[in-house]
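*Asks:* Generate coordinates for the sequence data below:
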Amino acid sequence: MVRHLSAPLYVNSVGDKIPLIPGFKTSAVFLTSLSANLRIPDDELYPTPISTPSFRGSDAIPLPSLSSLSAMTLPHEASVADAQALNDPLDAPAPSPLADVPELTTYTAKSHEDRVAALKLVADSIAEQRNATSRSIIYNPTILSIYAAIVGFGVRYFYDGFDTLPVIITTLIGATMTALIAVRWFAGPYIDLAEKIGWDWLGEDQMIITKWGDKVIGTVIIGWARPGSPNGSKKEKKKNEKRKWGVVRAWTVAVKYRGKGVAKALLEDAVQEVKKQGGEGIEFSDEHANHHRVLPTYFNKGIDADEQRAFDLLHALSSIKGTFKNRR
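*Replies:* Here you go, the predicted structure:
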């Protein structure tokens, strides 16, 4: 006959009956006590008002508004305007994309600094003719043909096998450098002409300049001429004393700012200025700053073409903008 022995029971502090396991009595009691101590009241299961909103009853603590939290995070030194900009960033004015762009202004130069900068631009425009003349010599078809003939003759004369190639190459390099130096020498007088631009050359002529910020980037210099022949009758001379004709003595824009309409705008201002002062018309002076040529006409085709375009532009602007009544 088999006897079934029931395991002894242990009653804890809350009335639960727990069977005792031999050898594990102490562990069971300890675990039961730990379970009772870890029980969390129902009221503590609800979250705090700060982390998550609570909807239990009317006495729930509301969250502060967004504007209040934003103001609380501002530094002590922050102004009211900064707080409003943080609360509503859409109302803050956007910075202008042209805020850092210099201003373009055109006016008659009066200060010594502006007049010196404008004279320097005129001198630079004359010196640039040296480069234009050098290019016209180098790329001239006749000059290129002569150079090719000299090179061909030299190679044929000196070539005597592969060993002579270093000598031929060295000779050609030396001849080319000599030719380039000669070209620069032929165009060199433009530098002397540029150095003559100064206060004596300017005289009392009016100088209109265009500035990009604080930098002078363009200028047009206007002089005056009397129409008629100096050998005319006294009556004709007296009549001509009341007449005057505007002449452009110099007109240039810095290389970096060309092709942007600055030069044309300067000529327009010159036409309006002559008309304002009672002039009967305007044209380029026969002895304007860039009229000199140091080489024969055959080598000045590029410079002459640029000059003719300037003449045509001034004539067109004079006809459209000037509306001068009297023409000579």
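*Asks:* CA atoms for contacts and neighbours, from now on please.
*Replies:* OK.
*Asks:* Please enumerate the strands of the stretch 101-250 of the chain.
*Replies:* 104-108, 206-212, 215-225, 245-253 (DSSP state E, counting those that start in this stretch).
*Asks:* Can you tell me which of those strands is most buried?
*Replies:* strand 245-253 (a mean of 24; mean count of other Cα atoms under 10 Å).
*Asks:* Tell me the pLDDT of Ala310.
*Replies:* At Ala310 the predicted local distance difference test score is 94.
*Asks:* how about the strands of the stretch 101-250 of the chain, which one is nearest Pro296?
*Replies:* Each of these has some distance to Pro296 by Cα to Cα; the shortest is strand 245-253, at 22.6 Å.
*Asks:* Neighbours of Glu268, how many?
*Replies:* With neighbours defined by other Cα atoms under 10 Å, the count for Glu268 comes to 18.
*Asks:* Likewise for Tyr159?
*Replies:* Applying other Cα under 10 Å, we find 13 residues neighbouring Tyr159.
*Asks:* Enumerate every residue touching it.
*Replies:* Residues touching Tyr159, when contacts are defined by Cα atoms under 8 Å, 6 or more residues apart in numbering, comprise Leu165, Ile168.
*Asks:* let's go with 6 Å and repeat that
*Replies:* For Tyr159, the contact set (Cα atoms under 6 Å, 6 or more residues apart in numbering) is empty.
*Asks:* and what of Trp212?
*Replies:* Contacts for Trp212 were tallied using Cα under 6 Å, 6+ apart; they are Glu103, Leu104.
*Asks:* Name the stretch from the strands of the stretch 101-250 of the chain that approaches Tyr147 most closely.
*Replies:* Tyr147 lies closest to strand 245-253 among these, at 34.9 Å (Cα to Cα).
*Asks:* what angle sits between that closest one and strand 206-212?
*Replies:* Going by axes from the mean of the first three to the mean of the last three Cα atoms, to 10 degrees, strand 245-253 is angled at 30 degrees with respect to strand 206-212.
*Asks:* Show the subsequent helix or strand relative to strand 245-253.
*Replies:* Moving toward the C-terminus from strand 245-253, the first helix or strand encountered (DSSP states H and E) is helix 262-276.
*Asks:* Report the inter-axis angle for that next one versus strand 245-253.
*Replies:* Following the same axes, to 10 degrees, one obtains 160 degrees for the angle between helix 262-276 and strand 245-253.
*Asks:* Now helix 262-276: buried residues?
*Replies:* Of all the residues in helix 262-276, those buried under the rule 16 or more other Cα atoms under 10 Å are 262-264, 266-275.
*Asks:* contacting residues around the spatially closest residue to Ala225 that is not a sequence neighbour?
*Replies:* Computed as Cα to Cα, 6 or more residues apart in numbering, the closest residue to Ala225 that is not its neighbour in sequence is Trp245, at 5.1 Å. For Trp245, the contact set (Cα under 6 Å, 6+ apart) comprises Trp224, Ala225, Gly279, Glu280, Gly281, Ile282.
*Asks:* Please identify the helix or strand for the third one.
*Replies:* Read that as Gly279. Element membership for Gly279, per DSSP H and E: none, as it lies in no helix or strand.
*Asks:* That one contacts Lys244, correct?
*Replies:* Yes. Between Gly279 and Lys244 there is a contact under Cα atoms under 6 Å: 5.4 Å.
*Asks:* need the strands of the stretch 101-250 of the chain in TSV with mean pLDDT and distance to Glu195, can you?
*Replies:* Converted to TSV, the strands of the stretch 101-250 of the chain look like this (pLDDT from 0 to 100; distance: least, Cα to Cα, whole Å):
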stretch	mean pLDDT	distance to Glu195
strand 104-108	93	24
strand 206-212	95	19
strand 215-225	95	17
strand 245-253	95	15
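*Asks:* Mind checking those strands for the one nearest to Gly154?
*Replies:* Between Gly154 and the strands of the stretch 101-250 of the chain, the tightest spacing by Cα to Cα is seen for strand 245-253, at 44.6 Å.
*Asks:* the helices in the stretch 51-200 of the chain, which residues?
*Replies:* Taking DSSP state H, counting those that start in this stretch as the test, the helices found in the stretch 51-200 of the chain are 66-73, 80-87, 112-138, 141-158, 165-186, 189-195, 199-202.
*Asks:* got the buried residues for the third one?
*Replies:* Along helix 112-138, the positions that meet the burial threshold by neighbour count (16+ other Cα under 10 Å) are 114-115, 117-131, 133-138.
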